[in-house]
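> compute the structure for the input listed below.
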Amino acid sequence: MRRIFRGATTFAVAAVTTMMMSVGTTSAQADDLTWAGCPYGSVCIYPQDQNPAVSPSHIFTAYGAHNLSNQYGNHWVLNNQYGGAFADLCHGYDATRCISRSIHEGAGVYADLTPINSVWLWTA
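As a prediction, the model looks like this:
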């Protein structure tokens, strides 16, 4: 009986160790995919006229509408999402009147945000 218990304990410890190592690897891989200070899985907006993009002023990680305020002039908008995700710049609040061209994952635009009032993150 003791032998069965010891074997089960060894298996459980090995399974937890393997799981912890894989979680750590995933986190390290995500850190390696940061782009110009924009975390992997995010859409980032950079301060006006910051060229090249270095440090984002806005970071969005959830799908849906994200309203903007006081964003004037030219800004970099980088889409560092994955899995077929897009970002749209929209003239209205709450992702209304969006510009027809989407920013694909791994792409960015240098755009005048003066007429832009929201960003919409979505996936196909």
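
> now do the contacts for Thr123.
By CB atoms under 8 Å, 6 or more residues apart in numbering, the contact set of Thr123 is 63, 83-86. Where C-beta positions appear, they are placed from N, C-alpha and C, glycine not excepted.

> most widely separated two among those?
Farthest apart among those by CB to CB are Tyr63 and Gly84. That separation is 11.7 Å.

> now, of the contacts of Thr123, which are buried?
85-86 (16 or more other CB atoms under 10 Å).

> cross the contacts of Thr123 against strands and list the overlap.
85-86 (DSSP state E).

> export the contacts of Thr123 to TSV and tack on pLDDT and distance to Val109?
Below are those laid out as TSV (pLDDT from 0 to 100; distance: CB to CB, whole Å):
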residue	pLDDT	distance to Val109
Tyr63	98	19
Gly83	96	20
Gly84	95	18
Ala85	97	15
Phe86	97	12
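
> report the separation between the residue nearest to Gly108 when sequence neighbours are not counted and Tyr93.
Nearest non-adjacent residue to Gly108, counting by CB to CB, 6 or more residues apart in numbering: Leu78, 4.0 Å away. Distance, Leu78 to Tyr93, by CB to CB, to the nearest Å: 22 Å.

> which one of those two has more residues nearby?
Higher neighbour count among Leu78 and Tyr93: Leu78, with 23 against 13, using other CB atoms under 10 Å.

> and for His75, the neighbour number?
If you count neighbours by other CB under 10 Å, His75 ends up with 27.

> wait, it sits on Leu113?
Yes. Using CB atoms under 8 Å, His75 is in contact with Leu113, at 5.0 Å.

> cool, thanks, talk later.
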